[in-house]
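# Structure of the sequence below:
(2 chains)
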Amino acid sequence: MSRPNTATPLERRYAMLGVILIAPTILVFCAVIVYPLFSAIYLSLFQIFTPTLQGSFVGLENYQRLFQRSEFWISLRNTLVWTIGTLTLQILLGVAMALVLHQNLWFRSLARSLILFPYFVSTVVAVLVWRWLFNDLYGILNHLMISVGLIDWPLDFLGSSPNAMISVILVGAWKYFPFVVIAVLARLQTIPEPLYEAAKIDGAGPIARFFDITLPQLREVLVVIILLRAIWDFKEFDLIFLLTGGGPLITTQTLPLLVYKEAFALNQMGMASAYAVVMMAIMLVFMVVYVLKTRNKDESR
Amino acid sequence: MKYSQMTRRATLQALMAGAAVGALPGKVFAQTVNLRWWSPQGSPEQLAAYAYQIEAFHALHPDIRVTFEMTSDEGYAPQLAAAFSSGQVPDIVTHLPSFAVQSYYANGLIEPFDDVIAAIGADDFYPGANDVFRAADGQYCGTGIGNSAANMLWMRRDLMEQANIDKIPETWDELRTACAAMQTRGTFGAPLPFGRNTMTSLIFTGFIHGAGGHVFTPDLEVDIDNDGTRAALEFYREMREFCPPGATNYSWGESLTAFVSGATATGIYTGRVLVNAVLQNPAIAEHITCATYPRLSTDIAPWTFNDFPSVFIPAQSRNKDAAKLFAAFLFDPEGYIRQLHAAPGHVLPVLQSINNDPRYQDNDIIRAYSDEVELMAQAAAGGFNLGYESAEHQSNEKAGEVINAGPIADLVQRVVLNGDNVDAALSDTSRAIAEIVSG
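Numbering: from 1, shown residues only, chains lettered A, B, ... in the order given. Modelled structure (predicted):
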């Protein structure tokens, strides 16, 4: 049974005004989120030659082939290794650096500014610098290690396994840990000082104060950082592509690189879209956790 | 308040008037044609030569403006794929390998080039120079803007002398022996590429042919699993110990730099080595020379990799006539010679009249290395690539995708770096190439 329409003309006009006001947002949302999303799903049902965008309907065949390919599973494993490896380092480095920069150091302001440098520098520039550092013939890292007798022969940082994945993870951690520093530092500054004073009176040392006060206070912000960075690292493309191109073999080929290879090296846009849709589904898990976490937080308030 | 004088209605009227005025210049300047020119070749000297050609062309055709945009050997495929699919194509593209052009033409993405070749002068090209650009329909999909001999063996006579090597290696055994003799602490034997990139695929294809093998049969059946490929894999594996550790990630730039800097005793590259050595490392410049790359035995003819740097015009260009004018103008002697002199020996002339032109020969590097340049010109003229493996082979329009997808580079990495079983790796590679070919 429908409810009788009891709204006054003025209320109806306000309701209409509301729709009109929100319409631009909805339109932009549809244009930049909904359309590409459905377009990717639609394309994944076709076999399409990228340059001409001509193709034929193949239904779910792309997905069937995708799950049968070992390259997909290897790339997924690489993506997880990269994401977990670089994220762990980012968090450890970021929290440690934030704790240092929270102290009363005389160069604190300068250090806080400089620490952001890796995050702000262009990925292309960062990769060029690191490739130069890693170079087997002229790289400073090999030169230093040979000079101090750590190694007799230049180390192949980017062309052999597992060195390549380790190098990529290290560069990723260097590039993105400042984001963790910023977020953690902001939260550290809001932890009430009396908590530490009370702990000191109770005889708690620095380590006990970190684990009993600082870490619990940081937990919420760390959850958000981990989820956001996990999403961003999962879909990282440029840094890995420019450093190793996914090699040697496919030992550093992550899912975004596989999508790129399908779309532009093999010119199979339909298959590339299928990979992208699967990636999106995996990332959806992170998104759901993120939404649940932030909603729980809002509700608890 | 002062700003209240601007009412909403007045603002809207002003905006509409602005939009109307903004629409006018489109008609007013519709006479001017803007051409976009893409190329992966863009050293500073080449850019200067292009700028000269653009200005000279503009002086002849004031209504046509040309803008040069650089792409890269590793990046042109995705950039062009995106350009074709979006319809935002360059009007003219130069220096891409012939097999890429054939692939685009087969998919209807390129304008036939016969009239441009006629405008340049078909008889002026070296005999057979345009065969590699003849498409299945009998028309030409592009033409060569130059030739290149990309897998020349570069040697340093000073190091050969020190190592008591009296002749340039002609066979793999001789090359291996020479590399072993010349390798010292700080100098490696060779900068062969083992990276997961197009250079490894292209260079290793040369090694397959250097052992009498092939990737495709003449009628384009996948046949990479042959004795030649196995011999090439074995030799490539043996050469690993003479290459720098980082060669596992080498592409064209790193390989070139390794030889020119003196980090390796031999090199594998085009004639760009000459200008780079002269400018960047004069100490070795007077000692360098080149030869066709060694092969399994002297019974096998040298197989020179020529990517046949091309000129073509995308079919979606809105300025085809102007693009064709400019394409033909690129071969005008004054500008063309400047372009060739920008990297002497790297891009070699395709027109006989240019090669015989005293202005072309009047170059310090071409004079100083006349034997090497002549050898490269001959080797390139009889050269091949994956799209044109031999004179008996049909044109392979899938070669570009095979190179870009990298199954041949993967094969090298699996067998040489990973120590995988050759049978299994070759079987997988055959399957991967067959999948690419079947689409």
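# what residues are up against residue B:387?
B:97, B:98, B:99, B:102, B:103, B:132, B:395, B:396, B:397, B:399, B:400 (C-beta atoms under 8 Å, 6 or more residues apart in numbering or on different chains). (Each C-beta comes from the backbone N, C-alpha and C, glycine too.)
# Could you do residue B:288 as well?
B:154, B:155, B:156, B:157, B:273, B:274, B:277.
# Serialize those to a markdown table and add fields for pLDDT, secondary structure and distance to residue A:124.
Below are the contacts of residue B:288 laid out as a markdown table (pLDDT from 0 to 100; DSSP: H, G, I helix; E, B strand; the rest coil; distance: C-beta to C-beta, whole Å):
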| residue | pLDDT | secondary structure | distance to residue A:124 |
| --- | --- | --- | --- |
| B:154 | 98 | strand | 30 |
| B:155 | 97 | strand | 35 |
| B:156 | 96 | strand | 34 |
| B:157 | 96 | helix | 39 |
| B:273 | 96 | helix | 27 |
| B:274 | 96 | helix | 30 |
| B:277 | 96 | helix | 28 |
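# What residues does chain A have near chain B?
Taking C-beta under 8 Å from any C-beta of the partner chain, the part of chain A that reaches chain B is made up of A:47, A:49-53, A:134-138, A:153-161, A:244-250, A:260-261, A:263-267, A:269.
# Can you get me a residue count around the nearest residue to residue A:160 once chain neighbours are set aside?
Nearest residue to residue A:160 in three dimensions, chain neighbours excluded: residue B:248, at 5.7 Å (C-beta to C-beta, 6 or more residues apart in numbering or on different chains). Applying other C-beta atoms under 10 Å in any protein chain shown, we find 27 residues neighbouring residue B:248.
# in terms of contact, does residue B:248 touch residue B:417 like I think?
Yes: at 6.0 Å, residue B:248 and residue B:417 qualify as touching, with contact defined as C-beta atoms under 8 Å.
# Touching both of the two, which residues are there?
Contact criterion C-beta under 8 Å, 6+ apart; residues shared by residue B:248 and residue B:417: A:159, A:160, A:248, B:194.
# which among these end up buried?
A:159, A:160, A:248, B:194 (16 or more other C-beta atoms under 10 Å in any protein chain shown).
# ok, back up a step: next, format the contacts of residue B:387 as a markdown table and append neighbour count and pLDDT.
A markdown table is the format used below for the contacts of residue B:387 (neighbours: other C-beta atoms under 10 Å in any protein chain shown; pLDDT from 0 to 100):
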| residue | neighbour count | pLDDT |
| --- | --- | --- |
| B:97 | 29 | 91 |
| B:98 | 28 | 91 |
| B:99 | 26 | 89 |
| B:102 | 28 | 91 |
| B:103 | 27 | 89 |
| B:132 | 26 | 88 |
| B:395 | 22 | 85 |
| B:396 | 21 | 89 |
| B:397 | 22 | 86 |
| B:399 | 28 | 91 |
| B:400 | 26 | 87 |
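# rewinding a little: and the contacts of residue B:288, which are buried?
Among the contacts of residue B:288, those that count as buried by neighbour count (16+ other C-beta under 10 Å) are B:154, B:155, B:156, B:273, B:274, B:277.
# Of those residues, which is the nearest to residue B:84?
Among the buried ones among the contacts of residue B:288, residue B:273 lies closest to residue B:84 (C-beta to C-beta), at 34.0 Å.
# what about residue A:147, distance to residue B:413?
Distance, residue A:147 to residue B:413, by C-beta to C-beta, to the nearest Å: 31 Å.
# make that residue A:149, sorry
As defined by C-beta to C-beta, residue A:149 lies at a distance of 31 Å from residue B:413.
# On the three-state scheme, residue B:289 is what?
Here residue B:289 is recorded as strand under DSSP: H, G, I helix; E, B strand; the rest coil.
# For it, list the residues it contacts.
B:154, B:155, B:157, B:168, B:369, B:371, B:372.
# Next to chain A, which bits of chain B? Give me the list.
Within chain B, the positions near chain A by C-beta under 8 Å from any C-beta are B:77-78, B:80-82, B:84-85, B:104, B:107-109, B:194-197, B:244-249, B:258, B:261, B:263, B:401, B:404-406, B:410, B:413-414, B:417-418, B:436, B:439.
# How about the stretch 151-300 of chain A: which residue is closest to chain B?
residue A:159 (2.6 Å; C-beta to the nearest C-beta).
# Would you mind listing the buried residues in the helix or strand bottoming out on mean pLDDT in chain A?
The weakest-scoring helix or strand in chain A, judged by mean pLDDT, DSSP states H and E, is helix A:269-300 (a mean of 84). With burial defined by 16+ other C-beta under 10 Å, the residues of helix A:269-300 counted as buried are A:269-279, A:283, A:286, A:290.
# Going by distance to residue B:128, which of these wins?
residue A:269 (36.8 Å).
# Residue A:245 is in contact with residue A:127, correct?
No: counting by C-beta under 8 Å, residue A:127 stays clear of residue A:245, with 11.1 Å between them.
# The two: which is more packed in?
Counted by other C-beta under 10 Å, residue A:127 and residue A:245 do not tie: residue A:245 has more neighbours, with 22 against 19.
# wait, is that one part of a strand?
No: under three-state DSSP, residue A:245 sits outside any strand and is assigned coil.
# Would you check how far apart it and residue B:74 are?
For residue A:245 relative to residue B:74 (C-beta to C-beta), the value is 8 Å.
# And the chain, what are its domain boundaries?
All of this refers to chain A. For chain A, the structural domains run A:9-57, A:71-300, going by automatic domain parsing.
# that's the wrong chain, I wanted chain B
What automatic domain parsing lists as the domains of chain B is B:33-148+B:306-368, B:152-305+B:392-438.
# Report the distance from the first one to the chain centre.
Taking the mean C-alpha point of domain B:33-148+B:306-368 and that of its whole chain, the gap between them comes to 12 Å (C-alpha atoms, centre = their mean, to the nearest Å).
# what does stretch B:173-188 give?
With C-alpha atoms, centre = their mean as the basis, stretch B:173-188 stands 28 Å off its chain's centre.
# Flag every buried residue along it.
Buried residues in stretch B:173-188, counted by 16+ other C-beta under 10 Å: B:175, B:176, B:178, B:179, B:181, B:182, B:183, B:188.
# and which of these is nearest residue B:380?
residue B:175 (20.9 Å).
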